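J.: Prediction below, plus the sequence it came from.
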Amino acid sequence: MWLLPQYILSGFGEAFNAIGQNEFFYTEFPKTMSSIAASLYGVGSSVPTLVASFILNAVDFVTTCKL
């Protein structure tokens, strides 16, 4: 229950960031590259998730390793 405000604020921040980032890419890229501009948001949000997954797996491996 105490995480609810954090998740709500994080959701609002992600939504506002997505809108602003897409608008920025569409205004800065030429019209012929609009599909690339649309896909950059997906790449920008998937890379940190991949890095977090690697960190989590590394921490899990180190803390459960029985030497």
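T.: The structure has been received and is ready for your questions.

J.: helices or strands up against the longest helix seen in the chain?
T.: Taking DSSP state H as the criterion, the chain has its longest helix at helix 34-64. Packing partners of helix 34-64 (3 or more CB pairs under 8 Å, 6 or more residues apart in numbering; DSSP states H and E): helix 4-28. Just so you know, the C-beta spots here come from the backbone N, C-alpha and C atoms, and that holds for glycine as well.

J.: From the contact counts, what lies against the helix it packs on?
T.: helix 34-64.

J.: Counting neighbours, which bits of the longest helix of the chain end up buried?
T.: For helix 34-64, a neighbour-count test (16 or more other CB atoms under 10 Å) marks 37, 40-41 as buried.

J.: Distance check, the residue most central in space within the chain against Ile55.
T.: Nearest to the mean C-alpha position of the chain, counting by CA atoms, centre = their mean, stands Ser45 at 2.6 Å. According to CB to CB, to the nearest Å, Ser45 and Ile55 sit 17 Å apart.

J.: before we move on, what about Gln6?
T.: 20 Å.

J.: is it possible to export the buried residues of helix 34-64 to a markdown table including distance to Pro30?
T.: Formatted as a markdown table, the buried residues of helix 34-64 follow (distance: CB to CB, whole Å):
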| residue | distance to Pro30 |
| --- | --- |
| Ala37 | 9 |
| Leu40 | 14 |
| Tyr41 | 17 |
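
J.: Nearest to Ala18, out of the residues you listed: which one, please.
T.: Proximity of those to Ala18 (CB to CB) peaks at Tyr41, which lies at 6.1 Å.

J.: Enumerate every residue touching the closest one.
T.: Counting by CB atoms under 8 Å, 6 or more residues apart in numbering, Tyr41 makes contact with 18, 21-22, 25.

J.: just the buried members of those?
T.: Neighbour counting by 16+ other CB under 10 Å classes Phe25 among the contacts of Tyr41 as buried.

J.: I'd like to know how far Ile19 sits from Trp2.
T.: For Ile19, the distance to Trp2 (CB to CB) stands at 28 Å.
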